[in-house]
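> Just to be clear, the model below is a prediction. Sequence and coordinates:
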Amino acid sequence: MKATARAHPNIALVKYWGKRDRVLNLPAVPSLSLTLDRYHTTTTVTWETQTDSVRLNAEAICGRPLQRVLDFMDRLWGPHRPCVHVDSKNNFPTAAGLASSSSGFAALALAGMAAAGREASKTELSILARQGSGSACRSLWGGWVSWDRGQKSDGSDSHGRPLAPQNHWDLRMVVAMIASGPKSIGSTQAMIQTEQSSRLYPGWVEAAPNDMVQATRAVLERNLPALGTVMEASTLRMHASMMSAEPSIRYWTPATLSVMERVEKLRKDGVPAWFTMDAGPNVKVLCDSTRADTVADTLRSCCEKVDVLQAGPDAFLL
Ligand code: PMV
């Protein structure tokens, strides 16, 4: 009754922001992501323990975060769930806008089902992972992954789908780490606040399907300027919608803006590079493999740490 799985976080190029169903985590918009290589979450699930317990990065968790994991295990098992022990480790900062919940719930779904001795397809695991954290449904696959909005109320048509494999395109994601601490407001609460009060939210939802069409084509044709342009537009629209919520949500810091300016300057100087930000101040910059060192060197002086990553693999059992 024990299994260990590893999953890699994914960074959305076309963002998921807003839910059409809060319980099932059904998105208001479609999204598209790149799974990363060197960052990962490794999770061991053991069923039929004496009590429920969850460890994250070698520390017992309690309160809301514990309940979130146990609710997920209830959903995974169904009625009469036995007690469970979950032990999860990230080799990168947790809850800092680096998509640790995407790898976290993907690894948890995979390890939890395997430890229970249950067969599940990748699509079934993706549907399950989505209910822990929306973006986790994309981390079952490596490389380039899309997530359909879907129409059905049970969510059975809203899951990750591989768009292109890990080796499809030799790009780099340069992660400019500005702050490694936990974010000020969680993504679920921030999405609800945006949906309920932002005048720009309807415009965000309306623009997303076309962003998705442009980005999908750009990935399949390996057209970096086209992908970079739509990725930045999606990021800026998402952040504009949350900044105009009441109260306003702003994950950016002055350092975030410095990185954005540097990326724009790089582009003016002929280095093709584009930025994206999630629910945190850190910036990820998409560029060609041959330009990654130039981009990393340029960003180093204005952030804590720079990591250069590339497309990563599917989630797998260890
Ligand atoms: O999966 P969640 O609930 O942590 O939301 C993720 C939201 C963004 O990272 C900002 C965008 C995305 O598509 O991953």
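That came in fine, so what should we check first?

> quick one, phi psi at the residue nearest the centre of the chain?
Taking Cα atoms, centre = their mean, the centroid of the chain lies closest to residue 99, which sits 4.0 Å from it. Residue 99 adopts backbone torsions of phi 70, psi 30, taken as degrees, to the nearest 10.

> Any figure for the gap between it and residue 9?
Distance of residue 99 to residue 9, computed by Cβ to Cβ, to the nearest Å: 4 Å. Glycine gets a C-beta too; all of them are placed from N, C-alpha and C.

> and what of residue 131?
18 Å.

> of the two, who's got more company?
Neighbour count, other Cβ atoms under 10 Å: between residue 131 and residue 9, residue 9 has more, with 28 against 20.

> Helices of the stretch 101-250 of the chain, start to end?
122-132, 187-197, 201-220, 224-243 (DSSP state H, counting those that start in this stretch).

> so which of those comes closest to the ligand?
helix 187-197 (3.9 Å; Cβ to the nearest ligand atom).

> Does the ligand have contacts with the closest one?
Yes. Judged by Cβ under 6 Å from any ligand atom, helix 187-197 comes into contact with the ligand through 187-188.

> Residue of the stretch 201-318 of the chain closest to the ligand, please.
The ligand sits closest to residue 278 of the stretch 201-318 of the chain, with a gap of 3.7 Å, by Cβ to the nearest ligand atom.

> give the contact list for that residue.
11-12, 15, 97-99, 251, 284 (Cβ atoms under 8 Å, 6 or more residues apart in numbering).

> which residue does the stretch 101-250 of the chain bring closest to the ligand?
Taking Cβ to the nearest ligand atom, the stretch 101-250 of the chain has residue 135 as its residue nearest the ligand, at 3.2 Å.

> Which residue, other than its chain neighbours, is closest to that residue?
In this structure, residue 135 finds its nearest non-sequential neighbour in residue 102, 4.1 Å apart by Cβ to Cβ, 6 or more residues apart in numbering.

> Now for that neighbour, how many residues are close by?
30.

> sorry, back to before: just say which of the helices of the stretch 101-250 of the chain is most tucked in.
Of the helices of the stretch 101-250 of the chain, the one with the most neighbours on average (mean count of other Cβ atoms under 10 Å) is helix 122-132, at a mean of 23.

> is the ligand contacted by stretch 30-43?
Yes. Part of stretch 30-43 sits near the ligand under the criterion Cβ under 6 Å from any ligand atom, namely residue 31.

> which parts of that stretch are buried?
30-37, 39-43 (16 or more other Cβ atoms under 10 Å).

> gap between the two ends of that stretch?
28 Å (Cα to Cα, to the nearest Å).

> Over to stretch 144-154?
Using Cα to Cα, the two ends of stretch 144-154 sit 25 Å apart.

> picking up where we left off before, contacts only, for the residue nearest to residue 135.
Taking Cβ under 8 Å, 6+ apart as the test, what residue 102 contacts is 7, 9-10, 133, 135-136, 138-139.

> which residues touch residue 168?
By Cβ under 8 Å, 6+ apart, the contact list for residue 168 reads 143-144, 219, 222, 311.

> What is the neighbour count of the residue nearest to residue 162 when sequence neighbours are not counted?
Closest residue to residue 162 apart from its sequence neighbours, by Cβ to Cβ, 6+ apart: residue 141 at 4.4 Å. Neighbour count of residue 141, defined by other Cβ under 10 Å: 28.

> I'd like the distance from residue 141 to residue 230, if you could.
From residue 141 to residue 230 the distance is 21 Å (Cβ to Cβ).

> next one: residue 10
17 Å.

> With residue 103 instead?
From residue 103 to residue 230 the distance is 24 Å (Cβ to Cβ).

> what residues does this structure put near the ligand?
So the chain meets the ligand at 12, 15-17, 31, 99, 101, 133-135, 187-188, 278-279 (Cβ under 6 Å from any ligand atom).

> Specify which member of the residues you listed is nearest to residue 300.
residue 278 (21.0 Å; Cβ to Cβ).

> where does residue 135 sit relative to residue 299, distance-wise?
From residue 135 to residue 299 the distance is 24 Å (Cβ to Cβ).

> who's more crowded, these two?
residue 135 (30 against 25).

> so what pLDDT did the more buried one get?
The model reports residue 135 with a pLDDT of 98.

> Then residue 304?
What the model reports as pLDDT for residue 304 is 85.

> just the residues of the chain next to the ligand now: which is nearest residue 77?
For the residues of the chain next to the ligand, the minimum distance to residue 77 (Cβ to Cβ) is 18.3 Å, reached by residue 133.

> from memory the closest one sits against residue 25, does it?
Yes. Here residue 133 reaches residue 25: they are 7.3 Å apart, a contact under Cβ atoms under 8 Å.

> Please name the residues that touch the nearest residue to residue 175 once chain neighbours are set aside.
In this structure, residue 175 finds its nearest non-sequential neighbour in residue 307, 4.4 Å apart by Cβ to Cβ, 6+ apart. If a contact means Cβ under 8 Å, 6+ apart, then residue 307 has 38-39, 92, 174-175, 177 as its contacts.
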